[in-house]
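Enquirer: pasting the structure only:
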């Protein structure tokens, strides 16, 4: 049964691992305010439901764009999509010396969603 579960969710697990690897070490990178530039898009890639967030940010007066794809296997995509609507501010980390390289980390966001969810788990 465990193999079936793993096989069913393997694409999402791999996407999550890829996001984690991309963000590895980025905690010391420059923290920059960004803006969501398009409505979130729900995608289905290889059996993994993902939400794509497109954003823009400035470094040294130059405009850059980036995107983040978050995988979901528990049906909570709608909450995530509501969280990152067009025009919303968020925080990205920019790689030193490579302003085109940025990552969006959930722990940098200040919208309090994580705190609300933790509070709900205590009920």
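Expert: Thanks, I have it. Just so we're clear, the structure is a prediction, and the values are computed from it rather than from any experiment.

Enquirer: Please make it C-alpha for all contacts and neighbour counts, starting now.
Expert: OK.

Enquirer: pull the helix or strand with minimum mean pLDDT from this protein.
Expert: helix 113-121 (a mean of 49; mean pLDDT, DSSP states H and E).

Enquirer: What separation do you get for residue 39 and residue 82?
Expert: For residue 39, the distance to residue 82 (C-alpha to C-alpha, to the nearest Å) stands at 9 Å.

Enquirer: swap that for residue 14, please
Expert: Distance, residue 14 to residue 82, by C-alpha to C-alpha: 24 Å.

Enquirer: With residue 101 instead?
Expert: Counting by C-alpha to C-alpha - residue 101 and residue 82 are separated by 25 Å.

Enquirer: Looking only at neighbour counts, state which of the two leads.
Expert: Using other C-alpha atoms under 10 Å, the more surrounded residue of residue 101 and residue 82 is residue 101, with 15 against 11.

Enquirer: The more buried one against residue 95, yeah?
Expert: Yes - with contact defined as C-alpha atoms under 8 Å, residue 101 counts as touching residue 95 (5.6 Å).

Enquirer: all strands of this protein, in order?
Expert: Ranges of strands in the chain, per DSSP state E, are 30-36, 41-45, 48-59, 62-72, 89-95, 98-103.

Enquirer: could I get those as a markdown table with distance to residue 23 and mean pLDDT?
Expert: Below are those laid out as a markdown table (distance: least, C-alpha to C-alpha, whole Å; pLDDT from 0 to 100):
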| stretch | distance to residue 23 | mean pLDDT |
| --- | --- | --- |
| strand 30-36 | 13 | 96 |
| strand 41-45 | 21 | 86 |
| strand 48-59 | 16 | 94 |
| strand 62-72 | 11 | 94 |
| strand 89-95 | 9 | 96 |
| strand 98-103 | 6 | 96 |
